[in-house]
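Student: got a predicted structure here, sequence first:
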Amino acid sequence: MQALLVDDDYFVVTALEKKIDWASLGIERVHTAHNVAQARDILMSHAIQILISDIEMPQGSGLELLAWIREESYEVQAILLTNYADFNYAQKAIELRSFEYFLKPIQFDKLMLIIRKAVERAGEQQRQKQAIREGYYWQRNQAKILEHFWRKLILDSASCELKPVQIARAVDEQNLSYAMDDLVQPLLLNLFPYAGSMGAEEKGLFDFALRNVAHELFQSAAYTVETILEYSAHNWIAVLRWSRSPDSSELEQLCGSFIQQANHALKCDACCVVGKPARLEAVSVAIRQLLQLNAGIAKRRNQIFLAERDPGRTDEAYIPPDLALLENHLTHNRPDAFLQETTRYLNHYSDENHVATSALALFRLDIMQLVYAFLKAQGIQAHQLYQGKSNERLLAQSLNSIEDMEAYLQYLVQTALSYRDFAGQPTTVAEEIKQYIHSHYGEDLTRLSLADVFYLHPDYLARLFKRETGVSLGAYIIGARIEAAKKLLATTPLSVFAVANKVGYANYSYFAKVFKQEVGLSPNEYKQAEKTGPS
């Protein structure tokens, strides 16, 4: 394949030439041009498959070049570069069927992935043409047919065990070259993208990179990779077909290499769960056992688990930690000691770097109840404190791995003690409540609503406020609202009805009654007095 780089900036072209490993991408020759006219000459003289072009150039834009390419029906995968996130540029690029629209400054690792995808697209187009020329139309859909077969088999197996006759019927219907005594083996790849990594923010590119890594590593004369597909978010299943007896040590070495590549190339942790080998007629059982094993254990990251060595402890009896000791650590403000003890517990009860999910769920429940009871004793409403996306995300992930559980416990304990420290400063809490009231006097302010805001029990909040200010919470709210109403009546043209609504009184009659009790004048009398001034 051949590529063409087009940019009026000489240094950009030079950087692209030198920093991209073109040979590893299958590009034999790279041409360069510094304007649209030069680029057209090269395109007319050479079979270019990949174009990387700047959009903004003084002698014609990259979009104009791409429009000409489409008019001339050149089969070119175009990657457009620009300094500006301009919607019109992006829209035009889409209309001209550009392969990708990429913002400068150039991030070469991501650009490499995009070029690799473009090369694959160009290669696929060439293969499709070849298939059509040779009359082998079935080649175009063979990969999709195979993926569909395995995806359906895996999803159906998750629900119920498939009978051999059902598998044989699916093989016949899809005209696949499988025999029912073929030896196959499923592998499950669990991925844990690092925060801020491509896997966390750009899943499309991440999935493409993952497939590349897996296909490059999973190569052997002893087996073929029948499929690699995503079963659920960041959980992938690969199916191997052996040409000889399976070798567990070879698979362990293979999985170890995959984990290393995942850490360094994909910027994520990984676990490999290796299912038991089985004849194709019984593969539904093997897949089902693999999925059940994966769901039944919380793993340590970057480890390999072999189903054939599974001790069958997914329903083991739960032995709780020393809850009295943990409570003592909380009471005496020792978060580090608390977390060290929970880590020691997890290390002790994990077997071969995993612990049964059922036991881990009971452990999590015990710790949550312990922390919630501790907060309740401080007058803090834990169910209000632990709300929001961070809590939901950490809680949902806590059973995925032992490291995820440790991250959740750290959040749980540190949040509890941090807020306990805040609530333990009554003067500060009272001041915060006062400031909140003055900023939200037009809203529904009650003991209950304020308790939700400050995560405190309503009775505890009211007592604390009265003790620190000498004024009841209800009286302070009324005072803040009346002061705000006086200011609005004196300084704005708002009607009395509008002022009442603005300071939190939907009932005008009640507002007028309270205002007169507090000020000695009705709202209208006060407004008129402020207009005329002192006599």
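Tutor: Sure, I can see it.
Student: give me the secondary structure label for Leu4.
Tutor: Leu4 falls in the strand class when you classify it by DSSP: H, G, I helix; E, B strand; the rest coil.
Student: now the top helix by length along the chain: how far from the chain's centre is it?
Tutor: What stands out as the longest helix in the chain, according to DSSP state H, is helix 108-134. On the basis of C-alpha atoms, centre = their mean, to the nearest Å, helix 108-134 sits 29 Å off its chain's mean C-alpha point.
Student: got the buried residues for that helix?
Tutor: Buried residues in helix 108-134, counted by 16 or more other C-beta atoms under 10 Å: Leu111, Met112, Leu113, Ile114, Ile115, Arg116, Lys117, Ala118, Val119, Glu120, Ala122, Ala131. In short, each C-beta sits where N, CA and C put it, glycine included.
Student: mind checking pLDDT for the spatially most central residue of the chain?
Tutor: Nearest to the geometric centre of the chain sits Ala200, at 5.0 Å (C-alpha atoms, centre = their mean). On pLDDT, Ala200 comes in at 74.
Student: what's the answer for Ala158, then?
Tutor: For Ala158, the model assigns a pLDDT of 89.
Student: what helix or strand is it located in?
Tutor: Element membership of Ala158, judged by DSSP states H and E, is helix 138-159.
Student: Ala356: neighbour count?
Tutor: By other C-beta atoms under 10 Å, 22 other residues sit near Ala356.
Student: quick check on it: phi, psi?
Tutor: phi -60, psi 130 (degrees, to the nearest 10).
Student: distance of it from Ser232?
Tutor: Per C-beta to C-beta, to the nearest Å, Ala356 is found 20 Å from Ser232.
Student: my guess is Ala170 contacts Trp150, does it?
Tutor: No. Ala170 is beyond contact range of Trp150, at 10.0 Å (criterion: C-beta atoms under 8 Å).
Student: neighbour-wise, which of the two wins?
Tutor: Neighbour comparison, Ala170 and Trp150: the larger count goes to Trp150, with 23 against 18 (by other C-beta under 10 Å).
Student: now the more buried one: how far from Glu120?
Tutor: Using C-beta to C-beta, we find Trp150 at a distance of 21 Å from Glu120.
Student: cool, Glu147 as well?
Tutor: From Glu147 over to Glu120 the distance is 15 Å, taken as C-beta to C-beta.
Student: do the same with Lys276
Tutor: For Lys276 relative to Glu120 (C-beta to C-beta), the value is 33 Å.
Student: let's verify the nearest residue to Gln219 once chain neighbours are set aside: helix, strand, or coil?
Tutor: Counting by C-beta to C-beta, 6 or more residues apart in numbering, Gln219 lies nearest to Val225, which is 7.8 Å off, once chain neighbours are set aside. Assigned by three-state DSSP, the conformation of Val225 is strand.
Student: burial of Val225, as a residue count?
Tutor: 16.
Student: could you do the one 10 residues further on as well?
Tutor: A count of neighbours around Asn235, defined by other C-beta under 10 Å, yields 16.
Student: grab the nearest non-local neighbour of it.
Tutor: Counting by C-beta to C-beta, 6+ apart, the residue nearest Asn235 is Asn190, at 5.6 Å.
Student: hey, what's that neighbour bridged with?
Tutor: Going by DSSP bridges, Asn190 is paired in beta bridges with Asn235, Cys271.
Student: got a list of what it touches?
Tutor: Asn190 makes contacts with His234, Asn235, Ala270, Cys271, Cys272, Val273, Asn294, Lys299, Asn400, Ser401, as judged by C-beta atoms under 8 Å, 6 or more residues apart in numbering.
Student: now, among the residues you listed, which is nearest to His329?
Tutor: For the contacts of Asn190, the residue nearest His329 by C-beta to C-beta is Ser401; the value is 23.9 Å.
Student: rebuild the contacts of Asn190 as CSV, extending it with distance to Ala307.
Tutor: Formatted as CSV, the contacts of Asn190 follow (distance: C-beta to C-beta, whole Å):
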residue, distance to Ala307
His234, 20
Asn235, 16
Ala270, 17
Cys271, 13
Cys272, 11
Val273, 7
Asn294, 9
Lys299, 13
Asn400, 19
Ser401, 18
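Student: which two from the residues you listed end up farthest apart in space?
Tutor: Longest distance between any two of those is 14.8 Å, between Cys272 and Asn400; criterion C-beta to C-beta.
Student: what about those two, which has more around it?
Tutor: Cys272 (23 against 18).
Student: quick one: contacts for the more buried one?
Tutor: Counted by C-beta under 8 Å, 6+ apart, Cys272 has contacts Leu187, Leu188, Leu189, Asn190, Cys255, Phe258, Ile259, Gln303, Ile304, Phe305.
Student: which of those residues fall in strands?
Tutor: Residues of these located in strands (DSSP state E): Leu187, Leu188, Leu189, Asn190, Ile304, Phe305.
Student: list just the nearest of the residues you listed to Tyr318.
Tutor: For these, the nearest to Tyr318 is Phe305 (20.8 Å; C-beta to C-beta).
Student: the closest one against Lys299, yeah?
Tutor: Yes. Under the criterion of C-beta under 8 Å, Phe305 makes contact with Lys299 at 6.4 Å.
Student: contact partners for the residue nearest to Gln219?
Tutor: Each residue near Val225 by C-beta under 8 Å, 6+ apart is listed here: Ala214, His215, Phe218, Gln219, Ala238, Val239, Leu240.
Student: surely the first one and Ile259 touch.
Tutor: No. Contact status for Ala214 versus Ile259: not in contact, 11.8 Å apart, counting by C-beta under 8 Å.
Student: please name the nearest non-neighbouring residue to Asp444.
Tutor: Nearest non-adjacent residue to Asp444, counting by C-beta to C-beta, 6+ apart: Gly504, 7.2 Å away.
Student: now swap in Gly256 and tell me
Tutor: Leaving out its chain neighbours, the residue that sits closest to Gly256 by C-beta to C-beta, 6+ apart is Ile304, at 6.6 Å.
Student: wait, isn't that neighbour in contact with Leu254?
Tutor: No. Between Ile304 and Leu254 there is no contact under C-beta under 8 Å: 9.4 Å.
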